[in-house]
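Student: give me a model of this one.
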Amino acid sequence: EKSADIFLSIHFNADSLMNTNVNRTEIYYPFEETGPSKDLADELYRTFRAEFDIHCHVPMPSRYTVLGSNIPARVLLEVSYLTNSDEEDRLKKEKRLEHIAKIIKGALQSFSSKKMCAYNGFEIREDEIRFNFSKPLLKEKVYVRVDGTNYNKYYVKKKTVVLCKNLIRSGRRLIEVYGR
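Tutor: The predicted structure is shown next:
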């Protein structure tokens, strides 16, 4: 079974009050996350700020349903506002859409080229679970979730993230570990 590494939901927004002056780029990542989704959101932000001709908001955490999957990097991108008549006219031109696609492609290529650790499997021992990676990790670059909730009861030992088994409820659990 194959699964995606990145989920990018691309939208064009509309102002609920039909304010035709509103036009900006907005980027959302899952609420309470500091891992790869936030990193991808930051990369999109840097790229849109540098290459797009409208204001780009700093990435914001959100509880949008589409961001709730188990894919490692999940971002919702609101490129611009269709209720802005000038922007709507620009979006009718192929050149505008190609420019937006080029910006997104550049951000995804930059994000993908960063040297992230490869996951090398796990070991279950008597009192701990060890997640092994391809290179040494820094604690501030490690992100752990248990059953979709941020989890901070772990330690990092070189290339390994260690969770104490007795601090995790028994039964079937979804444990996500990301590191760089």
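
Student: for the rest of this, base every contact and every neighbour count on C-alpha atoms.
Tutor: Will do.

Student: tell me the secondary structure at the residue most central in space within the chain.
Tutor: Geometric centre of the chain, nearest residue: Ser37, 1.4 Å, by CA atoms, centre = their mean. With DSSP: H, G, I helix; E, B strand; the rest coil as the basis, Ser37 sits in helix.

Student: burial count for the residue lying closest to it once chain neighbours are set aside?
Tutor: Distance criterion CA to CA, 6 or more residues apart in numbering; nearest residue to Ser37, sequence neighbours excluded, is Ala73 at 4.0 Å. Other residues within reach of Ala73, judged by other CA atoms under 10 Å, total 21.

Student: what's the answer for Leu97, then?
Tutor: For Leu97, using other CA under 10 Å, the count is 13.

Student: which helices and strands sit right next to the helix or strand hosting it?
Tutor: For Leu97, the host element (DSSP states H and E) is helix 94-113. Applying 3 or more CA pairs under 8 Å, 6 or more residues apart in numbering; DSSP states H and E, we find helix 94-113 packed against helix 36-51.

Student: could you give the mean pLDDT of the helix it packs on?
Tutor: Mean pLDDT, helix 36-51: 94.

Student: neighbours around His99, how many?
Tutor: Using other CA under 10 Å, His99 has 13 other residues around it.

Student: that one and Val177, how far apart?
Tutor: 35 Å (CA to CA, to the nearest Å).
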